[in-house]
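Visitor: structure of the sequence below:
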Amino acid sequence: MEHVPIEYEAKALDVDREAITALLNSRATLVQPRTLQRRYVYDVVPGDTSTWMRLRQTHTGATLSIKRIEHDGIDGTREWEVAVGDFDTTETMLTFALLSLGQKGSPGRLTWAFRLPRLDSNQQPFG
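Guide: The predicted model follows:
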């Protein structure tokens, strides 16, 4: 089974979101407007926090992915993803498959192009 290329993800806790956004706006190009996404996260195996399924809809479409933490490093999460044609129908199918919905949210997202990497900022709550 092939996985998508590794996304290097990091969480920044207790930061001044407005200051970071202003810094990025001054040094990078905002490549898309602020968007609202729907994101539902399902437990694959109850109690196993190392593997989960995510259904996500953004302004570009809907995807279903499985994520698995293999180690705690910045490159330790593997992901397999497919495009889905209909978010709501896929959500109904996952419910019928008896997957337990662990999280449901609508975070906002800003995306900047900065040299080679793409920088995404998920903002909860949206605003």
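
Visitor: ok, now which ones touch residue 64?
Guide: 53-55, 81-82, 84, 90 (Cβ atoms under 8 Å, 6 or more residues apart in numbering). For glycine as for every other residue, the C-beta is placed from the backbone atoms N, C-alpha and C.

Visitor: can you give me the distance of it to residue 52?
Guide: If you measure residue 64 against residue 52 using Cβ to Cβ, to the nearest Å, the figure is 12 Å.

Visitor: residue 60 now?
Guide: From residue 60 to residue 52 the distance is 22 Å (Cβ to Cβ).

Visitor: same check, this time on residue 14
Guide: Residue 14 is 25 Å from residue 52, by Cβ to Cβ.

Visitor: which one of these two has more residues nearby?
Guide: The neighbour comparison of residue 14 against residue 52 (other Cβ atoms under 10 Å) goes to residue 52, with 19 against 4.

Visitor: please, which helix or strand holds that one?
Guide: Element membership of residue 52 [criterion: DSSP states H and E] is strand 51-58.

Visitor: so after that strand, what's the next helix or strand?
Guide: Heading C-terminal from strand 51-58 (DSSP H and E), you reach strand 61-69.

Visitor: any chance of the backbone angles for residue 73?
Guide: Backbone torsions of residue 73, given as degrees, to the nearest 10, read phi -70, psi 170.

Visitor: let's number from 5 now, not from 1
Guide: Right, with 5 as the first residue, what we last looked at is residue 77.

Visitor: any idea how far residue 84 is from it?
Guide: For residue 77, the distance to residue 84 - Cβ to Cβ - is 19 Å.

Visitor: same thing with residue 35?
Guide: 25 Å.

Visitor: low pLDDT regions in this structure?
Guide: 5-16, 36-39, 102-131 (pLDDT under 70).

Visitor: try 80 this time
Guide: 5-17, 19, 21, 25, 28-29, 32-41, 50, 78, 102-131 (pLDDT under 80).

Visitor: residue ranges of the helices in it, please?
Guide: Assigned by DSSP state H, the chain shows helices spanning 21-31, 91-100.

Visitor: run through the neighbouring helices and strands of the longest one.
Guide: It stands for helix 21-31. If you count contacts as 3 or more Cβ pairs under 8 Å, 6 or more residues apart in numbering; DSSP states H and E, helix 21-31 packs onto strand 112-117, strand 122-127.
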